[in-house]
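Engineer: below are the sequence and a predicted model for it; my questions follow.
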Amino acid sequence: MPETLTKAPLITLNPNDTVAVALRPITAGEILQLNEQEITANHDIPQGHKIALTNMAKDQHVIKYGYPIGHVLSDTIIGDWLHTHNVKTNLSGELDYSYQPNLQQIHYPKTDLTFKGYKRADGKVGIRNDLFIVPTVGCVNGMAELMLKEFKAKHPDLGAFDNITILKHPYGCSQLGTDHQNTRDVLIDAVKHPNAGGVLVFGLGCENNTVPEFEEKLGEYDKRRVKFLVAQEVYDEVEKGVELLEELYEEAKNDYRQEVPLAELNVGLKCGGSDGFSGITANPLLGAFSDFLIAQGGSTILTEVPEMFGAEQMLMARAENEEVFDQIVHLINDFKQYFLSYGEPVYENPSPGNKAGGITTLEDKSLGCTQKAGTAPVVDVLKYGEKLSKKGLSLLQAPGNDLVAASALASSDCHLVLFTTGRGTPFGAYVPTVKVATNNTIFDRKGHWMDFNAGTLLEQPMEEVLEEFIQKIIAVASGEPTRNEENDVREVAIFKNGVTL
């Protein structure tokens, strides 16, 4: 990607590209200048969509980001609009891969930057002092709300806590095998999250996800910070729950922020409601930030496995060693097999909103999506529900679904999630979710959803925008609320892949 983008109506992302992206709506018959080439638009072309720079014969590859994003379905000429009506994916099923390392890492200098976080007894650092109420089963969600209502009446300003979140979900009973394990693991991850200053685990008493088994699986934990309640074992579960929340409040009220190095920060990388600018502005910005944070000794995690399809070989070439390469191969092929086991094609991913925004094929989306991972080597691959264990860039097993993927990133111990979007979305995970707009329009129109505008990259150099973004993330890590926190929107969604009894 160019260091500074352009105000011209078209942009290419690689010298070998056979298409350009429209930076504004193009009118049929309009004569456009791109470098030394003069192009007449043969059709109206929406902002973020692609225009042909060369004549292409039927089945010829369409090149964007320097890689094929599909092939044309019929002969096309210079100036044609290329999109879902005349371009099709090249993807099919599983592939054979070989380890061919090709690391072209961009190195950033080490700094002494810090943020203000909460030091925990287990040595971890949190960026929030949140209170979590974690239902072991969906049956008690409503009673948890009543309990929280009474507690908030006593503490309307939250006092010791930055946020209070009930991790409501519909599971914890009538589940078998992997589904049962996923539910339990994700909830345990939340209990042990460093952003949690206090946790009440709240069960019914007859669910599959029993509280005694949950506590056993939890392993070592801070008994001052984690309390348990089983509704069927007490007369008034709301009264008892408020009593336990008060105990957690007393324990947390003396917590305070301390300066800690950026090396302690774990950041999740996610995109959703993508458009044709996602891979041009916001995703490359996250990639630059990822490289910068890793240079400080910090960690980033990329997920959305189906949105790696078509770009997976670029990630495989960045594997730290052959063992990590093998793990990435399994990550990709296992997820493809998941699709195929349900009789679904592995290449069907861009949503109607993605397509309206200019994303044509899964390769088009994936090559833009993986820009978020920057250029650092991949040091580890995490299973769904598994926590981060190595510094640097890791990949995480999870689908592309926004809520499920963001929850998986939170569960892996990401302190916050960076979420790029060109179409806009108001949701937030149970950790701060920083919404990064890909274009000026969505940032201006949905400012109450958005935290940062990467659309300025069309006018400012990456170096300037990155510096502003770094300061924004430090501010959020030090306590500045994100839009999802201000809107009181914090959710958890758990991956399901089986029968319900």
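Structural biologist: Arrived safely, thanks for sending. Residues are numbered from 1 along each chain as shown.

Engineer: hmm, Ile280 is touching Ile11, no?
Structural biologist: Yes. Because the distance of 6.8 Å satisfies C-beta atoms under 8 Å, Ile280 is recorded as touching Ile11. Placement of C-beta: from N, CA and C, glycine included.

Engineer: tell me which stretches of the stretch 201-350 of the chain form helices.
Structural biologist: 211-218, 237-252, 282-295, 312-316, 322-341 (DSSP state H, counting those that start in this stretch).

Engineer: just put the ones you listed in CSV and tack on distance to Leu204 and mean neighbour count.
Structural biologist: CSV is the format used below for the helices of the stretch 201-350 of the chain (distance: least, C-beta to C-beta, whole Å; neighbours: other C-beta atoms under 10 Å):
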stretch, distance to Leu204, mean neighbour count
helix 211-218, 9, 15
helix 237-252, 9, 18
helix 282-295, 40, 25
helix 312-316, 42, 20
helix 322-341, 31, 17
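
Engineer: of the ones you listed, which is nearest Ile127?
Structural biologist: helix 282-295 (13.4 Å; C-beta to C-beta).

Engineer: my guess is Arg423 meets Phe277, correct?
Structural biologist: No. Taking C-beta under 8 Å as the definition, Arg423 is not a contact partner of Phe277, at 10.4 Å.

Engineer: next, show the common contact partners of the two.
Structural biologist: Gly357 (C-beta atoms under 8 Å, 6 or more residues apart in numbering).

Engineer: looks to me like Leu146 is in a helix.
Structural biologist: Yes. Assessed with DSSP: H, G, I helix; E, B strand; the rest coil, Leu146 lies in a helix.

Engineer: any idea how far Arg490 is from it?
Structural biologist: 19 Å (C-beta to C-beta, to the nearest Å).

Engineer: mind checking which of those two has more residues around it?
Structural biologist: A direct count of neighbours by other C-beta atoms under 10 Å for Leu146 and Arg490 places Arg490 higher, at 23 against 13.

Engineer: which of Ile280 and Ile11 has more neighbours?
Structural biologist: Neighbour count, other C-beta under 10 Å: between Ile280 and Ile11, Ile280 has more, with 28 against 19.

Engineer: and the pLDDT for that one?
Structural biologist: pLDDT recorded at Ile280 is 90.

Engineer: over to Thr4?
Structural biologist: 41.

Engineer: same check on Gly428?
Structural biologist: In the predicted model, Gly428 carries a pLDDT score of 97.

Engineer: residue contacts, it?
Structural biologist: So Gly428 contacts Ala406, Thr482, Arg483, Asn484, Glu485, Asn487, Val489, Arg490, Glu491 (C-beta under 8 Å, 6+ apart).

Engineer: just checking, which of these belong to helices?
Structural biologist: Counting by DSSP state H, the part of the contacts of Gly428 found in helices is Ala406, Arg483, Asn484, Glu485.

Engineer: distance to Val238, neighbour count and pLDDT for those residues - can I get that in CSV?
Structural biologist: Below are these laid out as CSV (distance: C-beta to C-beta, whole Å; neighbours: other C-beta atoms under 10 Å; pLDDT from 0 to 100):
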residue, distance to Val238, neighbour count, pLDDT
Ala406, 30, 28, 98
Arg483, 31, 20, 98
Asn484, 27, 26, 98
Glu485, 26, 20, 98
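
Engineer: TSV for the residues you listed, including distance to Lys355?
Structural biologist: Output for the ones in helices among the contacts of Gly428, formatted as TSV (distance: C-beta to C-beta, whole Å):
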residue	distance to Lys355
Ala406	22
Arg483	26
Asn484	26
Glu485	31
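
Engineer: quick one, domains of this protein?
Structural biologist: What automatic domain parsing lists as the domains of the chain is 10-88, 130-254, 262-486.

Engineer: so which of those domains comes closest to Ser98?
Structural biologist: domain 262-486 (8.8 Å).

Engineer: ends of that closest one, what's the gap?
Structural biologist: Domain 262-486 stretches 24 Å from its first residue to its last (C-alpha to C-alpha, to the nearest Å).

Engineer: kindly report the same for stretch 216-230.
Structural biologist: Termini of stretch 216-230 sit 15 Å apart (C-alpha to C-alpha).

Engineer: and Ala475, how many residues sit next to it?
Structural biologist: Other residues within reach of Ala475, judged by other C-beta under 10 Å, total 13.

Engineer: can you start the count at 477 instead of 1 from here on
Structural biologist: Shifting the count to begin at 477 puts that one at Ala951.

Engineer: just the angle between the one helix or strand it maps to and helix 758-771, please?
Structural biologist: Element membership for Ala951, per DSSP states H and E: helix 938-953. Orientation of helix 938-953 against helix 758-771 (axes from the mean of the first three to the mean of the last three C-alpha atoms, to 10 degrees) gives an angle of 70 degrees.

Engineer: and helix 938-953, which residues are buried?
Structural biologist: Neighbour counts over helix 938-953 (16 or more other C-beta atoms under 10 Å) mark Met938, Val941, Leu942, Phe945, Ile946, Lys948, Ile949, Ile950, Val952, Ala953 as buried.

Engineer: mind putting those in JSON lines, pLDDT and distance to Pro585 included?
Structural biologist: Converted to JSON lines, these look like this (pLDDT from 0 to 100; distance: C-beta to C-beta, whole Å):
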{"residue": "Met938", "pLDDT": "96", "distance to Pro585": "15"}
{"residue": "Val941", "pLDDT": "98", "distance to Pro585": "18"}
{"residue": "Leu942", "pLDDT": "98", "distance to Pro585": "13"}
{"residue": "Phe945", "pLDDT": "98", "distance to Pro585": "16"}
{"residue": "Ile946", "pLDDT": "98", "distance to Pro585": "12"}
{"residue": "Lys948", "pLDDT": "98", "distance to Pro585": "20"}
{"residue": "Ile949", "pLDDT": "98", "distance to Pro585": "17"}
{"residue": "Ile950", "pLDDT": "98", "distance to Pro585": "16"}
{"residue": "Val952", "pLDDT": "98", "distance to Pro585": "22"}
{"residue": "Ala953", "pLDDT": "98", "distance to Pro585": "20"}
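
Engineer: hang on, the earlier thing: among the domains of the chain, which is the most enclosed?
Structural biologist: Highest mean neighbour count of these: domain 738-962, a mean of 22 (counted as mean count of other C-beta atoms under 10 Å).

Engineer: roughly how far out does that domain sit from the chain middle?
Structural biologist: Distance, stretch centre to chain centre, for domain 738-962: 4 Å (C-alpha atoms, centre = their mean, to the nearest Å).

Engineer: of all the domains of the chain, which lies closest to Lys972?
Structural biologist: Closest approach to Lys972 among the domains of the chain is made by domain 606-730 (5.5 Å; C-beta to C-beta).

Engineer: how far is the closest one from where the chain is centred?
Structural biologist: Counting by C-alpha atoms, centre = their mean, domain 606-730 is centred 25 Å from the centre of its parent chain.
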